[in-house]
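Peer 1: Predicted structure and sequence below. I'll ask about it afterward.
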Amino acid sequence: MENLKEVLGTYYKAHAAEIEEIVLHIHDHPELSGEEELAARVQADFLESRGFEVKRNFKGLKTAFSASAGEGRPHICFMSEYDALPGMGHGCGHNLIAGVALGGGVLLKQLISDQGLKGRVTVMGTPAEEKRGCKIDLIAAGALEDVDIVLMAHPSHRATSQSVEESGIMQFVVRFSGKSAHAAAAPEEGLNALDAVRLLFCGVDAWRQQLPETCRVHGVITNGGVAPNIIPDTAAADFYLRAFDMDFLLSMKTRFENIAKGAALMTDTKVRVETVKHTYKPGKPNMELNRAFMELAQEYDMAPEWLERSRASSDFGDVTYEAPAIHGFFNITGQKREITIHSKKFADCAASPFALDQMEKTAKILSQIGYRYLTREDFRKKVAEAFPFGSI
Ligand SMILES: [Zn+2]
């Protein structure tokens, strides 16, 4: 066949205007986690118009969707995200993740049909990455059971890079309850819940010194009482624990709960430690897929760099245990290194011509990785060998 890059260039032209329109429309109408009705609808409509079989409200999630074409295996899944951040619109640039998934999906579908390949392509819309982590709900509902590989890419203020390892995260709300009393007239009648929160922080600080450098524990006080002359009968704090190893993260949970119990014991208060949201597993991207991503990013002149692992966390971490998966990064800020992700300036960049150009290249790269997986047994074998979490 003629040069694959040229073929993809021709294919993409037929979709470019509409994909860019969708990406900019999502950008200009930011929707928070779980409320992404417009973003889900415009993507599903587009894929339907391109001949995909679309399931809306996928697995019972109002703003999830799944769009498939082709038949049988291998089954390549492109993941889309499209939620925005409170107060800053698309400060994480998820509108561009959607563009990559749409582009990658339509390109691979066309390669499958034009070349009569065996295999299936799915674009899966995964809501609420910033808040709830709906990929975990989708996995629990069996959404990835017959998927062979998962491909996604996220915009970045750093260099275009491989899918880096990410921390797992557990989130807690700790509530202490004691007894209120006048702080001057009858302090001996009170049980001070704020003291328990202070001791929780002291205990965590002492523990921190014994933790490996790669772990993180960070908290804020969300309720510290109402007035200095009232002994606080309730007090609360939110805490995040992070680690690169799931077993270690679970051991941190036990230690953290014990510190909270100790703080309650010292103050004669009662404590409740609740896990909130889903636990995100540490992300373990597939190195063979990563190598392909980096090699192609080089070919597309995106100046890729292999970066260190990240202490941030994402619900994509759980995906990496279900199937060989990557979540590559593509730079959208150019030389403007002072602009960081989760900022209003980054949101501005997420609608720039440069970002749309990088998005297009990344969509082509992901479709090429999908194509390589469909057509080359040696590549499939290497990807399987680099996947430590069971057979595929
Ligand atoms: Zn993000």
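Peer 2: Nice, I can see it.

Peer 1: For the most centrally placed residue in the chain, give me its contacts.
Peer 2: Nearest residue to the geometric centre of the chain (C-alpha atoms, centre = their mean): residue 314, 3.5 Å. Counting by C-beta atoms under 8 Å, 6 or more residues apart in numbering, residue 314 touches 129, 166, 280, 283, 327. Every residue, glycine included, has its C-beta placed from N, CA and C.

Peer 1: give me the number of residues near the second one?
Peer 2: Spelled out, it's residue 166. 24 (other C-beta atoms under 10 Å).

Peer 1: Can you list phi and psi of it for me?
Peer 2: Here the main-chain torsion angles of residue 166 (degrees, to the nearest 10) amount to phi -130, psi 160.

Peer 1: how deep is the closest residue in space to it that isn't next to it in sequence tucked in, by neighbour count?
Peer 2: In space, and not counting its chain neighbours, residue 166 is closest to residue 283: 3.7 Å by C-beta to C-beta, 6 or more residues apart in numbering. Applying other C-beta under 10 Å, we find 27 residues neighbouring residue 283.

Peer 1: so how far is residue 346 from residue 283?
Peer 2: 21 Å (C-beta to C-beta, to the nearest Å).

Peer 1: Quick check: end-to-end length of stretch 312-319?
Peer 2: 16 Å (C-alpha to C-alpha, to the nearest Å).

Peer 1: residues contacting the residue lying farthest from the centre of the chain?
Peer 2: Most distant from the centre of the chain: residue 185, at 52.0 Å, with distances by C-alpha atoms, centre = their mean. Not one residue lies near residue 185 by C-beta under 8 Å, 6+ apart.

Peer 1: change the start of the numbering to 56 and stick with it
Peer 2: Yep, numbering from 56; the last one is residue 240 now.

Peer 1: what are the pairing partners of the worst-scoring helix or strand of the chain on mean pLDDT, and which direction each?
Peer 2: Ranked by mean pLDDT, DSSP states H and E, the weakest helix or strand in the chain is strand 325-335, scoring a mean of 93. Its sheet considered, strand 325-335 pairs with strand 223-232 (antiparallel) by DSSP bridges.

Peer 1: Dump the C-alpha coordinates for the partner strand into CSV.
Peer 2: What follows is strand 223-232, C-alpha atoms only, in CSV (Å, rounded to 0.1, in the frame of the first residue of the first chain):
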residue,chain,number,x,y,z
GLY,A,223,-2.8,5.3,42.8
ILE,A,224,-5.0,7.3,45.2
MET,A,225,-7.3,6.7,48.1
GLN,A,226,-9.5,9.6,49.4
PHE,A,227,-10.8,9.9,53.0
VAL,A,228,-13.1,12.0,55.0
VAL,A,229,-12.3,11.8,58.7
ARG,A,230,-14.9,13.0,61.2
PHE,A,231,-14.4,13.3,65.0
SER,A,232,-17.2,13.9,67.4
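
Peer 1: you'd agree residue 237 is up against residue 285?
Peer 2: Yes - at 7.3 Å, residue 237 counts as touching residue 285 under the criterion of C-beta atoms under 8 Å.

Peer 1: mind showing which ranges of the stretch 306-447 of the chain have poor pLDDT?
Peer 2: Scanning the stretch 306-447 of the chain for pLDDT under 70 picks out 446-447.

Peer 1: Go again with 80.
Peer 2: Applying pLDDT under 80 to the stretch 306-447 of the chain flags residues 332, 445-447.

Peer 1: Also the stretch 106-255 of the chain?
Peer 2: The stretch 106-255 of the chain contains residues with pLDDT under 80 at 187.

Peer 1: What are the boundaries of the helices in it?
Peer 2: Ranges of helices in the stretch 106-255 of the chain, per DSSP state H, counting those that start in this stretch, are 149-170, 189-195, 248-263.

Peer 1: got it, and the stretch 256-405 of the chain?
Peer 2: Listed in chain order, the helices of the stretch 256-405 of the chain (DSSP H, counting those that start in this stretch) span 301-322, 342-354, 371-377, 399-404.

Peer 1: quick one: residue 194 from residue 401, how far?
Peer 2: Residue 194 is 28 Å from residue 401, by C-beta to C-beta.

Peer 1: Pick out whichever of the two has more residues nearby.
Peer 2: Neighbour tally, residue 194 and residue 401, criterion other C-beta under 10 Å: the higher count belongs to residue 401, 25 against 20.
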